[in-house]
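[1] Just the structure for this:
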Amino acid sequence: MRTQRRPSSTAARRPSLTARFRLGAALLAVLAVAACGTDAGAGSGSGGTGDGGAPKTSASPAAHRDRVEPLAGKPSPRLPARVESADGHTVTVRDVSRIVPLTGSLSELVFSLGLGDHVVAKDVTATFEQARKLPLVTRAHDVSAENVLSLHPTLVLAESTTGPAEAIEQIRDAGVPLVILDPAKSLDDVDTRIHAVARTLGVPDAGDALARRTDARLAAERKKIPAHADHPRVAFLYLRGTASVYLLGGAESGASSLLEAAGAVDAGKESGLRKDFTAITSEALAKAAPDAILVMSKGLDSVGGVDGLLKIPGVAETPAGLDRRVVSVDDGVLLNYGPRTDEVLATLVDQLYGTSGSGGSASGKGGKSVTGGRG
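    Here you go, the predicted model:
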């Protein structure tokens, strides 16, 4: 699992979003995932080879099982369902036989709820195994209305960060039921989002079951955090080397909730960065003073691994850079805040503290655990 306008669900969606990561960009948004390559399942979160036994980044526990786990059994949708779209429209959903989710996190939810066989397309951020053979309806990170409509969907799911706006309006004007949801930005949004998607699909009972399962798994992972661990300062960096995008996450990046759940301090937020992302500078990194750096796997690959990361001005001089403490999580799950967030939390805890979470140990590539933080 390596982890998603924020750099996830969506987070790594379009450069415009980056400005907001709301990644801002989509988180990302901005993010020019152009440089990130497309969906390819992928991912390997590789780290640079260290000198003299220096630690490498760890592969996440879910790195070799990038699959969504559907609920047992197949729910029977109770339709029609009348739901409020985030853009103010009231939408009546009468048929969910051909669903097109326009973000990877929404695709993950539909599959988790047991209706994956109703999904007929994906966007570029849906990288999990069950979605890999589905036709792509995005160009770069922009939705193609023509591609969507050619599949004759009975329901399209989007987020308020999905764009361009013209494509969204074209889909709605064609008479296709289109429901827009607000993206999840923290752990507090997980249940709300699960229930919203479940209601839209006419399977509220499945939504209740998925929320209970997700809550239980998150609670179990939280219990594995070392009881007396210090609170390491962790800086979230959004990287797309081929597009020369190097950003430091702040309070609105989407990563704070996850880091805090893992017992860490969001170094960017703590240093006073109130926006989603800001350009990386030596001064900003020095003020953040991270003990560890959190990155998306493809972003790390795009700069040449840990060795390339250390060449970005200011990184090598931080406590994290000096000790080569880098935490890498799959792009497709890091900021999704959904049914697999427990796996994200598990790999964060594993890489930060050297424990082995529910997904198993981090593949043997992990170096020193990140303890002794000053947070």
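
[2] where does this protein have low pLDDT?
    By pLDDT under 70, the low-scoring segments of the chain are 1-65, 228-229, 355-375.

[3] Please, where are all the helices along it?
    In the chain, helices defined by DSSP state H lie at 15-18, 104-112, 145-149, 165-173, 190-201, 204-222, 256-261, 267-270, 282-288, 297-302, 305-309, 319-323, 341-353, listed in chain order.

[4] And the fourth one, what's buried?
    For helix 165-173, a neighbour-count test (16 or more other C-beta atoms under 10 Å) marks Ala167, Ile168, Gln170, Ile171, Arg172 as buried. In this view, the C-beta of every residue, glycine as well, is placed from N, C-alpha and C.

[5] thinking again about what came up before, in TSV: the helices of the chain, plus distance to Val179.
    Converted to TSV, the helices of the chain look like this (distance: least, C-beta to C-beta, whole Å):
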stretch	distance to Val179
helix 15-18	20
helix 104-112	10
helix 145-149	14
helix 165-173	10
helix 190-201	5
helix 204-222	14
helix 256-261	25
helix 267-270	32
helix 282-288	38
helix 297-302	29
helix 305-309	39
helix 319-323	41
helix 341-353	22
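
[6] closest one to Gly249 among those?
    helix 267-270 (4.8 Å; C-beta to C-beta).

[7] Show me what that closest one is packed up against.
    Here helix 267-270 touches strand 233-240, strand 245-249, helix 282-288, going by 3 or more C-beta pairs under 8 Å, 6 or more residues apart in numbering; DSSP states H and E.

[8] Tell me which of those lies nearest to Leu218.
    Across those, Leu218 has its closest neighbour in strand 233-240 (18.6 Å, C-beta to C-beta).

[9] Hmm, Asp330 and Leu348 touching each other?
    No: using C-beta atoms under 8 Å, Leu348 is not in contact with Asp330; the gap is 11.9 Å.

[10] okay, those two: which has more neighbours?
    Asp330 (30 against 27; other C-beta atoms under 10 Å).

[11] What is the end-to-end distance of stretch 294-309?
    11 Å (C-alpha to C-alpha, to the nearest Å).

[12] how much distance is there from that stretch to the middle of the chain?
    Taking the mean C-alpha point of stretch 294-309 and that of its whole chain, the gap between them comes to 16 Å (C-alpha atoms, centre = their mean, to the nearest Å).

[13] Over to stretch 88-102?
    Using C-alpha atoms, centre = their mean, the offset of stretch 88-102 from its chain centre is 23 Å.

[14] please begin residue numbering at 46 from this point
    Will do, 46 is the new start, and the previous item becomes stretch 133-147.

[15] ok, and for that stretch, which residues are buried?
    Per 16+ other C-beta under 10 Å, stretch 133-147 contains these buried residues: Val136, Val138, Val141, Arg143, Ile144, Val145, Pro146, Leu147.

[16] The last one reaches Leu200, doesn't it?
    No: contact between Leu147 and Leu200 fails when scored by C-beta under 8 Å: they sit 11.1 Å apart.

[17] and Glu174, how many neighbours does it have?
    Neighbour count of Glu174, defined by other C-beta under 10 Å: 12.

[18] what do you get for Gly377?
    For Gly377, using other C-beta under 10 Å, the count is 32.

[19] Gly299 now?
    34.

[20] Also the one 3 residues further on?
    Other residues within reach of Ser302, judged by other C-beta under 10 Å, total 19.

[21] Run through the residues that contact it.
    Ser302 is in contact with Lys230, Ser231, Leu232, Asp233, Tyr382, counting by C-beta atoms under 8 Å, 6 or more residues apart in numbering.

[22] most neighbours, which of the residues you listed?
    Neighbour counts for the contacts of Ser302 (other C-beta under 10 Å) peak at Tyr382, which has 29 neighbours.

[23] got a list of what that one touches?
    Tyr382 makes contact with Ser54, Ser150, Ala229, Lys230, Ser231, Leu232, Asp234, Val235, Arg238, Gly299, Ser302, Leu303, according to C-beta under 8 Å, 6+ apart.

[24] Asp140 now?
    Leu124, Thr199, Leu200.

[25] cutoff 6 Å now
    Thr199 (C-beta atoms under 6 Å, 6 or more residues apart in numbering).

[26] what's the answer for the one 3 residues further on, then?
    With contacts defined as C-beta under 6 Å, 6+ apart, Arg143 is in contact with Val165, Pro198, Thr199.

[27] is it true that Val351 touches Val371?
    Yes: Val351 lies in contact with Val371 (C-beta atoms under 6 Å); the separation is 5.4 Å.

[28] hmm, back to that, present the contacts of Tyr382 as CSV; the columns should include distance to Val221.
    Putting the contacts of Tyr382 into CSV (distance: C-beta to C-beta, whole Å) gives the following:
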residue, distance to Val221
Ser54, 22
Ser150, 20
Ala229, 24
Lys230, 27
Ser231, 31
Leu232, 32
Asp234, 26
Val235, 28
Arg238, 22
Gly299, 29
Ser302, 33
Leu303, 34
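
[29] Just name the closest of those residues to Ile270, please.
    Using C-beta to C-beta, Leu303 comes nearest to Ile270 of the contacts of Tyr382, at 12.5 Å.

[30] Lovely, talk soon.
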